[in-house]
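K.L.:
Prediction below, plus the sequence it came from.
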There are 2 protein chains.
Amino acid sequence: MPDHVLPVARRSRDPKELLAQARAGDRASLARLLSIVERGGDDARVLSRLVYPLAHDAYTVGLTGAPGAGKSTLTSATIGHLRGLGREVAVLAIDPTSPFSGGAILGDRVRMQDHATDPGVFIRSMATRGHLGGLALATPEAIRLLDAVGKQSILVETVGVGQVEVEIAGKADTTIVVVNPGWGDAVQANKAGLMEIADVFAINKSDRKGVDETRRDLELMLDLTDLSDRDDWRPPIIATVGTEGKGVAELWDAVEEHRRHVTASGLLARRRERRLRDELREIVARRLEAKARSLCTGDSWNALADDVVERRIDPWSAADEMLRGVGA
Amino acid sequence: MPDHVLPVARRSRDPKELLAQARAGDRASLARLLSIVERGGDDARVLSRLVYPLAHDAYTVGLTGAPGAGKSTLTSATIGHLRGLGREVAVLAIDPTSPFSGGAILGDRVRMQDHATDPGVFIRSMATRGHLGGLALATPEAIRLLDAVGKQSILVETVGVGQVEVEIAGKADTTIVVVNPGWGDAVQANKAGLMEIADVFAINKSDRKGVDETRRDLELMLDLTDLSDRDDWRPPIIATVGTEGKGVAELWDAVEEHRRHVTASGLLARRRERRLRDELREIVARRLEAKARSLCTGDSWNALADDVVERRIDPWSAADEMLRGVGA
């Protein structure tokens, strides 16, 4: 048994104890804590309160792109590169479309398994479970948890280019958008969203035909994109071949250069602040949504709805009654 | 001055007075009341409470289809048909995409202007203004108002086949979906939604080529549609030429047949009850949404958000503080 894994008997279900053990290096406790984050609920709230003051300086790199673009392979190659530099790394693989998490998805991520036994690498899939607000709210909490247990570099990989995926990946400190030669068709649906969040482009599978056209296509779209709210950072475009590790060092150099840029310009601090304000607003909205769901159910709801149907009361007055005490 | 219009000086801004005048036949008061509904707010709530017990037996016919399908022309021809039968009719033209209402849109509705001076016809456009919950909530209130002032037949025409338009038109007692020969391309985006709400199909502009193919196409799609929740009503398909009034009598006969069907089967009552429950649920959700917006603004919000940014408090605890007293 490696020394960073504690015997099962010594592990608790209490968030506080689990956190202490995870901070001492116990990976299984960290995995349990991430499951708590995923599930949401009271334990997650307790954990969130414990973790928040402890987390402050991890750097997050988002990675998104159409399914099949080779994101996992590129992530795995990036892990290898960082390990070669002696750096530790944590990976969150986010799949809003899957009801499964943890092992279920990782089973498919054969490439990432290369690093499964490396204690300097922590990989975790997250999917939708009970968390109020879904992955959009669970992801920043998971990141803070990883930060609090000492992970300095966190890669956040999302599986697709849908609204939620792009939003989650776009909330990283640096976001890599992975495309392929001839990318047009695959991401047509959300090109504008991708242009908006990209800090660095990777043209992966660049051993295929069409790299130059894709680069021209991206440059043209960047010409048409307003970069002023990024302090005029123009996303560099890096050609990569994830399967061979080609271009991966250059890709990471571009990430580091972006990091220096946003740190020096103050954009990093402003972005992080905006993200926290957005997160707070989202939590308030989701909590009230949950409240609405709980109000619109049960006996008193049914009785009131019957009154509306029987025209004993109009819908707005009925809503007043339901919302009395809620101040809405 | 026609006798159903009162002099301006005698008209008030008070919903109660306006309602009394509208019920006495004053069209300008009715128009003002509809503006109140559109704007939402306190006056609209007062009005809603006054109107609700008065409204009960108007029959609503929804009419939707892609822009350019000839809905206004068909509506105008239907008005003509109903007037020929000696029936009064009210028309609500709903445009979720327009910030304008009343005269602004009606100016374009040249065909409908044929009926502008007929006291047996009342035509009104409605667009998005301040109403909480938008047209989805303003429309049923407008319908109840028209009902309360004695309109027995209300046509609800929506401009497009987007989610909101289809939803609004689909909440009528009978819904007509207007297509054209070779309809496929125009409504590709929401074919399933249209199949779900259609009680009657009109193939308008049926003097053009492709009517038979379109009919076969629709029949095929109906074969694949589960009609059990409509008590096995299979939507009839009527060929029309709105500009010439061709097929319009048959179209209305189909509406009347559907009405007899849903009345006899009890489906009409069940649908109306479900609509009211949905409306109540929607009002509660929108009210809480407005509450969330009002909470996430102002000095105390800013101070709390600053505390989160400065890590003096975590986002979930901050949300607890914001929501204290709201019970969420």
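P.N.:
Alright, I've got the coordinates.

K.L.:
Quickly list the domain ranges of chain A.
P.N.:
A:56-267, A:280-323 (automatic domain parsing).

K.L.:
okay, those in a markdown table with distance to B:Thr158 next?
P.N.:
For glycine as for every other residue, the C-beta is placed from the backbone atoms N, C-alpha and C. Formatted as a markdown table, the domains of chain A follow (distance: least, CB to CB, whole Å):
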| stretch | distance to B:Thr158 |
| --- | --- |
| domain A:56-267 | 25 |
| domain A:280-323 | 21 |
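
K.L.:
Determine the three-state secondary structure at whatever residue of the stretch 1-150 of chain A ends up closest to chain B.
P.N.:
Using CB to the nearest CB, the single residue of the stretch 1-150 of chain A nearest to chain B is A:Tyr52, 3.4 Å away. Secondary structure state of A:Tyr52, per DSSP: H, G, I helix; E, B strand; the rest coil, is helix.

K.L.:
Now it. Nearest residue, chain neighbours left out?
P.N.:
Nearest-residue entry for A:Tyr52: B:Asp314, 3.4 Å, with adjacent residues in sequence omitted and distances by CB to CB, 6 or more residues apart in numbering or on different chains.

K.L.:
now do A:Gln152
P.N.:
Closest to A:Gln152 by CB to CB, 6+ apart is A:Ala58, at 5.7 Å.

K.L.:
Contact partners for the one you found?
P.N.:
By CB atoms under 8 Å, 6 or more residues apart in numbering or on different chains, the contact list for A:Ala58 reads A:Ile143, A:Leu146, A:Asp147, A:Lys151, A:Gln152, A:Ser153, A:Ile154.

K.L.:
got it, and A:Gly62?
P.N.:
A:155-158, A:168-172, A:174-176, A:197.

K.L.:
Test my guess that A:Asp57 contacts A:Asp147.
P.N.:
Yes. With contact defined as CB atoms under 8 Å, A:Asp57 counts as touching A:Asp147 (7.1 Å).

K.L.:
These two - which one has more neighbours?
P.N.:
Each of A:Asp57 and A:Asp147 has its neighbours counted (other CB atoms under 10 Å in any protein chain shown); A:Asp147 has more, 20 against 6.

K.L.:
Which strands and helices lie in contact with the one helix or strand that one maps to?
P.N.:
Secondary structure from DSSP states H and E places A:Asp147 in helix A:134-148. For helix A:134-148, the contact count by 3 or more CB pairs under 8 Å, 6 or more residues apart in numbering or on different chains; DSSP states H and E identifies helix A:15-23, helix A:27-39, helix A:42-51, strand A:89-95, strand A:121-127, strand A:153-158, helix A:163-169, helix A:267-295 as packing neighbours.

K.L.:
and the stretch 1-150 of chain A, which of its residues are near chain B?
P.N.:
A:Arg45, A:Ser48, A:Arg49, A:Val51, A:Tyr52, A:Pro53, A:His56 (CB under 8 Å from any CB of the partner chain).

K.L.:
Please repeat the previous calculation with a cut-off of 7 Å.
P.N.:
A:Arg45, A:Ser48, A:Arg49, A:Tyr52, A:Pro53 (CB under 7 Å from any CB of the partner chain).

K.L.:
Can you turn the buried subset of those into a selection I can paste into PyMOL?
P.N.:
The buried subset of these, as determined by 16 or more other CB atoms under 10 Å in any protein chain shown, is captured in PyMOL by this line:
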select buried, chain A and resi 45+48+49+52
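
K.L.:
still on that earlier bit, let's see the pLDDT reported for the residue nearest to A:Tyr52.
P.N.:
Confidence at B:Asp314, expressed as pLDDT, is 92.

K.L.:
again with A:Ala31
P.N.:
Per the predicted model, pLDDT is 92 at A:Ala31.

K.L.:
what would the contacts of A:Ala58 look like in JSON lines with pLDDT?
P.N.:
Compiled in JSON lines, those are given as follows (pLDDT from 0 to 100):
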{"residue": "A:Ile143", "pLDDT": "96"}
{"residue": "A:Leu146", "pLDDT": "96"}
{"residue": "A:Asp147", "pLDDT": "96"}
{"residue": "A:Lys151", "pLDDT": "93"}
{"residue": "A:Gln152", "pLDDT": "91"}
{"residue": "A:Ser153", "pLDDT": "94"}
{"residue": "A:Ile154", "pLDDT": "97"}
